[in-house]
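Novice: Pasted the sequence and its predicted model underneath.
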Amino acid sequence: MRVRFAPSPTGQLHVGNARTALFNWLLARGSGASFILRIEDTDAERSTKESEAAIVRDLRWLGLDWDEGPDIGGAHGPYRQSERLHLYGSYAAELLTAEAAYYCFCSTTQLDADRQDALANGRPARYAGTCRRLSREQAAARLAGGERPAIRFRVPEARDVVFTDAVRGDVRFQTDVIGDPVIVRADGTPAYNFAVVVDDALMAVTHVVRGEDHISNTPRQILLYEALGFTPPTFAHLSLVMGPDHSPLSKRHGATSVAEFRAKGYLPEALVNYLALIGWSPGGGDELLPIEELARRFSLEGVGHSAGVFDEEKLAWANRHYLKMADPARLAELALPYFKEAGVLMAPNDRGLQFLASAIGMASASVDRLSQVPARLAFLFHYDAAAALADERLVAEMREEGTRGVVAALAEELAAAPRLDREKFREIANRVKVRTSQKGKALFHPIRVVLTGRAEGPELDLAVPAIDLGAELPASAGIPKIVGNRERAAAFARALEETLR
């Protein structure tokens, strides 16, 4: 078995196309087949090297690799269509010689007029066959006169084209509604339906797995396979990925490209896992599985033909799972760009990264994506007692005698205390409890506000030790200066006194 993914480098990798790539990859890796990457770049005006590089980068970020492709070569190259033009010319000449194709001299104006006439009279908007009736001598005379024609494929008349789709079962088309398609444009570039047949045949592709928007192309391609003497592959057409309103996923639904979801802070393993669930189920009641297990279970027989809806809430659910499972050191490195975006400038060395990794668990267990990590850990890097006391509700709470007692006792206990780890913090909290007779929320909520400057956040058993661990970091660690618990408590006590005076 040989499968391929053949994107056009005219933009970013859409998640719908990424799912097509993924399904091809899962099929290949689960069955020991070859997976080919081919770049369909014959649209010279829109194709760019930058887009090709971005697509390759996104595929690799998703964890998809290939056995043959433009970057690694292979026995069936080249793997860019722009480098295969001589092949298309050769096969077009073969079809012309066999009279399975003919020159078309119709102008764009004439074609548009014919199309409008057909629509106005209730006929299919297909090529009228004007040049199909030209003799070889007539065509040769026009060529000699300097005209530059397109080449059209001569579709057999009054015939049914039937193929068995691996997802949808038997599909039937009548050639009377197809029309003769252009296979080579007047400028010499191949049309999609022609180039893809030549490429898939010469690359020995056995299974073409692609979106259902290509179903109408399939009969033309099957006829071309036959005319060229090639055996058609097995076709499998995947349902389109829809937005929440059940229209094709597009920009109006928000993020649609792999790069955009990456920028929002989703992990590749979460996006891969979620994309695999759109239109296919791994069975066994399982949904969250590593890519290797997805490949082991994947089959075309299990792919549904109903449209799948892209639900970012479910993607976020999957991402939460993988954030909790991920190596903290990896998350620390991945989170760095988001700290920069949030205005927390850092250039951590190994010690700084170790600190960030030790703290990141406070965020990764309670956020949907990496971009939300800086806000969750903001209490470490931004401490301002006066700003916290600008909240009138908080000030009202602090006016209560028991709360003021907790603030004062905490500041006094910390003034003589060493830096806190979890056990030392519990000892300090117990001493404040004994001194003030406060307990539960009445004890710990004021402590949270004093030491984090916020009314809510991570567990204090995690947050408080992280504050003092960060306070001990040297400047060379590359982490912004973190104010320690001792200094925070003293500053808060002074600010509260000023506020209540």
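Specialist: On my side now, so go ahead. Residues are numbered from 1 along each chain as shown.
Novice: roughly how far apart are the spatially most central residue of the chain and residue 373?
Specialist: Among the residues of the chain, residue 258 comes closest to the average C-alpha position under C-alpha atoms, centre = their mean, at 2.4 Å. Counting by C-beta to C-beta, to the nearest Å, the separation of residue 258 from residue 373 is 21 Å. Where you see a C-beta, it was placed from the backbone N, CA and C, and this is true even at glycine.
Novice: Also residue 230?
Specialist: 53 Å.
Novice: Same check on residue 69?
Specialist: Look at residue 69 and residue 373: by C-beta to C-beta, they are 34 Å apart.
Novice: Which of those two has more residues huddled nearby?
Specialist: residue 373 (27 against 21; other C-beta atoms under 10 Å).
Novice: Now that one: which helix or strand?
Specialist: helix 373-376 (DSSP states H and E).
Novice: quick one: contacts of the following helix or strand past that helix?
Specialist: Reading on from helix 373-376 to the C-terminus, the next helix or strand found by DSSP H and E is helix 378-381. Under the criterion C-beta atoms under 8 Å, 6 or more residues apart in numbering, residues 342, 344, 359, 452-454, 457, 463, 466-467, 470, 480, 482 lie in contact with helix 378-381.
Novice: And for stretch 85-96?
Specialist: Applying C-beta under 8 Å, 6+ apart, the set of residues contacting stretch 85-96 is 42, 101-103, 151, 153, 183-184, 188-190, 194-195, 198, 202, 227-228.
Novice: Now do it: distance to the chain's middle.
Specialist: 37 Å (C-alpha atoms, centre = their mean, to the nearest Å).
Novice: Save the contacts of helix 378-381 as CSV, and put in secondary structure and pLDDT too.
Specialist: Listed next are those as CSV, based on DSSP: H, G, I helix; E, B strand; the rest coil; pLDDT from 0 to 100:
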residue, secondary structure, pLDDT
342, coil, 96
344, coil, 96
359, helix, 97
452, helix, 97
453, coil, 95
454, coil, 94
457, coil, 94
463, helix, 98
466, helix, 98
467, helix, 98
470, helix, 98
480, coil, 97
482, coil, 98
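Novice: Please convert those residues to TSV, extending it with distance to residue 143 and neighbour count.
Specialist: Shown next, in TSV, are the contacts of helix 378-381 (distance: C-beta to C-beta, whole Å; neighbours: other C-beta atoms under 10 Å):
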residue	distance to residue 143	neighbour count
342	65	18
344	68	17
359	74	26
452	81	22
453	81	23
454	79	17
457	78	20
463	80	21
466	78	22
467	82	25
470	78	23
480	73	18
482	78	22
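Novice: Sort out which one of the residues you listed lies nearest residue 397 for me.
Specialist: When those are ranked by distance to residue 397 (C-beta to C-beta), residue 454 comes first, at 13.3 Å.
Novice: Just to check, the closest one is in contact with residue 388?
Specialist: Yes: between residue 454 and residue 388 there is a contact at 7.1 Å, judged by C-beta atoms under 8 Å.
Novice: Please enumerate the strands of the stretch 51-200 of the chain.
Specialist: Using DSSP state E, counting those that start in this stretch, the strands found in the stretch 51-200 of the chain span residues 101-104, 150-153, 160-165, 169-174, 182-184.
Novice: Mean neighbour count, those: which tops it?
Specialist: Ranked by mean neighbour count, these are led by strand 182-184 with a mean of 25 (mean count of other C-beta atoms under 10 Å).
Novice: Which secondary structure elements does that strand sit against?
Specialist: helix 85-97, strand 150-153, helix 192-202 (3 or more C-beta pairs under 8 Å, 6 or more residues apart in numbering; DSSP states H and E).
Novice: Out of those, flag the one nearest residue 117.
Specialist: Nearest of those (C-beta to C-beta): strand 150-153, 18.8 Å.
Novice: Do a quick rundown of the helices in the stretch 101-250 of the chain.
Specialist: Counting by DSSP state H, counting those that start in this stretch, the stretch 101-250 of the chain has helices at residues 108-120, 136-144, 192-202, 218-228.
Novice: Ok, the stretch 301-450 of the chain next?
Specialist: Using DSSP H, counting those that start in this stretch, helices in the stretch 301-450 of the chain cover 312-325, 328-341, 350-364, 373-376, 378-381, 385-388, 392-398, 401-415, 422-436, 441-452.
Novice: Report the backbone C-alpha coordinates of the first one in PDB.
Specialist: Output of helix 312-325 as PDB, limited to C-alpha atoms (Å, rounded to 0.1, in the frame of the first residue of the first chain):
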ATOM      1  CA  GLU A 312     -12.900  24.000  19.900                       C
ATOM      2  CA  GLU A 313     -14.300  23.200  23.400                       C
ATOM      3  CA  LYS A 314     -13.600  19.500  22.800                       C
ATOM      4  CA  LEU A 315     -10.100  20.400  21.500                       C
ATOM      5  CA  ALA A 316      -9.600  22.300  24.700                       C
ATOM      6  CA  TRP A 317     -10.700  19.300  26.700                       C
ATOM      7  CA  ALA A 318      -8.200  17.100  24.900                       C
ATOM      8  CA  ASN A 319      -5.500  19.700  25.400                       C
ATOM      9  CA  ARG A 320      -6.100  19.900  29.200                       C
ATOM     10  CA  HIS A 321      -5.500  16.100  29.300                       C
ATOM     11  CA  TYR A 322      -2.200  16.400  27.500                       C
ATOM     12  CA  LEU A 323      -1.100  19.500  29.500                       C
ATOM     13  CA  LYS A 324      -1.500  17.500  32.700                       C
ATOM     14  CA  MET A 325       0.500  14.600  31.200                       C
END
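Novice: Distance from the chain centre to it, please.
Specialist: 14 Å.
Novice: Got the domain ranges for the chain?
Specialist: The domain map for the chain lists 2-81+241-312, 84-238, 328-500, with the assignment taken from automatic domain parsing.
Novice: closest to residue 322 out of the ones you listed?
Specialist: When the domains of the chain are compared by C-beta to C-beta, domain 2-81+241-312 sits nearest residue 322, at 4.5 Å.
Novice: Between the two ends of the closest one, how far is it?
Specialist: Distance between the two ends of domain 2-81+241-312: 32 Å, counting by C-alpha to C-alpha, to the nearest Å.
Novice: now stretch 23-42
Specialist: 25 Å.
Novice: Next: stretch 446-459.
Specialist: End-to-end span of stretch 446-459 (C-alpha to C-alpha): 14 Å.
Novice: What residues sit buried inside it?
Specialist: Neighbour counts over stretch 446-459 (16 or more other C-beta atoms under 10 Å) mark 446, 447, 448, 449, 450, 451, 452, 453, 454, 457, 458 as buried.
Novice: and the first one, what pLDDT?
Specialist: Yep, that's residue 446 we're talking about. Here the pLDDT value assigned to residue 446 is 97.
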